[in-house]
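K.L.:
sequence isn't available, so here's the structure alone:
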């Protein structure tokens, strides 16, 4: 099968992959770059589990070809900011505090989505957070603890602009 | 490279099955280049921009093109122009671009309201107006707005540019009047009159999902009486539909509760929605009545608690 070379940055590092043109970004990250924190649920844009941040915008990596990522800056769950001394970052710490995950399958997509949202809108209210997270399916929590966790994490984004 | 972190010089070749069929990929740097590629490959080529409709179609293998022509980097297709001729949206304008253009809330409030219902946050960051038109899902909001507003869709093909009226653009479910070598470059919504009354409402089972049905409408009035009206519905046919019978009974009248009841009866008698796995036809018919009532109440500034 003919492959195509794509170059882009992932979590600040330049990468180059040779993949079939039909390879979506989620598969490129997981299978070719071994970044398996990005989870794949439905593979057709319904569940939100595969959300990554491309040039600052939260997108579904199953709905984007690796070839379309050429030249872009991608942040995956592995690249979200960490706390001091390599501790949990503000969102992850807040999710732990609020018990905002159970099985954890959807969590990477929710954290990347929430990080993109709070980076752009650190004052997002509960309605806005609920609206944005309507694109991420969680079948365990019922969302209440997730909304609480994201609301609680806002203070970290309001204090300092986290890139 | 991540692979190099583990001391491996070459990229890791994974052998995995993939949902999409095999295809080639070409990135067009100009509209002319895209048209040339389409002309060369005919029905076997497809345009990809945001990919938010096409990627699922590929995953389901409902579309099996041999070549994808990516127009995503043609920056001149990205602009939003607001002027005397109305609102012109470049084919690559994304839903999030519309959300972030504050002038549109005056220049085209119906567009802004309808776009709030399009898909989810992540999809809105990539989905484009050109892609929505070309995909032509009968339940999609933007095609409904294009039909309600009598939009002009500007395309370029091997024979040069042409303009297609929205009423002639949507031919059938997922089928448009675009020729195999044509690319959408922009869509123009005619000027929004000052003082125009409007309403939009839809019903979906989950926020951001495709609507089971939706209604977009507006009317202009003089001395309290409607002088011109447009009413369109989505999700109840193979294309967005104008409800001309409803438009006609509104003209010359004041929009009060009695007139709204008349409009609802006219609408439910004039539509014949098909049933499917999501809802029976009769349910959609009832829904059109409810949504039309709500949209007209909103347009007329009436209090929902007054509704019968």
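P.N.:
Received the coordinates, thanks. Being a predicted model, the structure only gives us computed values, none of them experimental. Numbering: from 1, shown residues only, chains lettered A, B, ... in the order given.

K.L.:
which parts of chain A are helices?
P.N.:
In chain A, the helices defined using DSSP state H lie at A:25-27, A:90-97, A:107-120, A:126-133, A:144-159.

K.L.:
who are the contact partners of whichever residue of chain A sits closest to chain B?
P.N.:
Here chain A gets closest to chain B at one residue, residue A:135, 2.7 Å apart by Cβ to the nearest Cβ. Yep, even glycine has a C-beta here, placed from its N, CA and C like the rest. By Cβ atoms under 8 Å, 6 or more residues apart in numbering or on different chains, the contact list for residue A:135 reads A:48, A:51, A:113, B:119, B:120, B:121, B:122, B:123, B:208.

K.L.:
let's see 6 Å
P.N.:
Applying Cβ atoms under 6 Å, 6 or more residues apart in numbering or on different chains to residue A:135 gives the contacts A:48, B:120, B:121, B:122.

K.L.:
what about the third one, how many residues nearby?
P.N.:
Under the neighbour criterion other Cβ atoms under 10 Å in any protein chain shown, residue B:121 is assigned a count of 25.

K.L.:
likewise for the second one?
P.N.:
The tally of other residues near residue B:120 (other Cβ under 10 Å) stands at 26.

K.L.:
likewise for the last one?
P.N.:
One way to gauge burial is a neighbour count; for residue B:122, by other Cβ under 10 Å, it gives 30.

K.L.:
hang on, it in a strand?
P.N.:
No - counting by DSSP: H, G, I helix; E, B strand; the rest coil, residue B:122 is not part of a strand but helix.

K.L.:
state the pLDDT value of it.
P.N.:
Residue B:122 is assigned a predicted lDDT (pLDDT) of 97.

K.L.:
where do the helices sit along chain B?
P.N.:
B:2-5, B:31-41, B:54-59, B:95-99, B:104-107, B:109-115, B:121-124, B:129-135, B:141-148, B:166-169, B:244-250, B:257-270, B:281-300.

K.L.:
do I have it right that residue A:26 meets residue A:48?
P.N.:
No - the criterion here is Cβ atoms under 6 Å, and residue A:26 misses it with residue A:48 at 11.6 Å.

K.L.:
show me the shaky parts of the stretch 1-150 of chain B.
P.N.:
Along the stretch 1-150 of chain B, the parts satisfying pLDDT under 70 run over B:1-16.

K.L.:
in it, what residue is nearest chain A?
P.N.:
residue B:120 (2.7 Å).

K.L.:
ok, now which ones touch that residue?
P.N.:
Contacts for residue B:120 (Cβ under 6 Å, 6+ apart) come out as A:134, A:135, B:208.

K.L.:
could you dump these into CSV with distance to residue B:66 added?
P.N.:
Shown next, in CSV, are the contacts of residue B:120 (distance: Cβ to Cβ, whole Å):
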residue, distance to residue B:66
A:134, 36
A:135, 32
B:208, 32
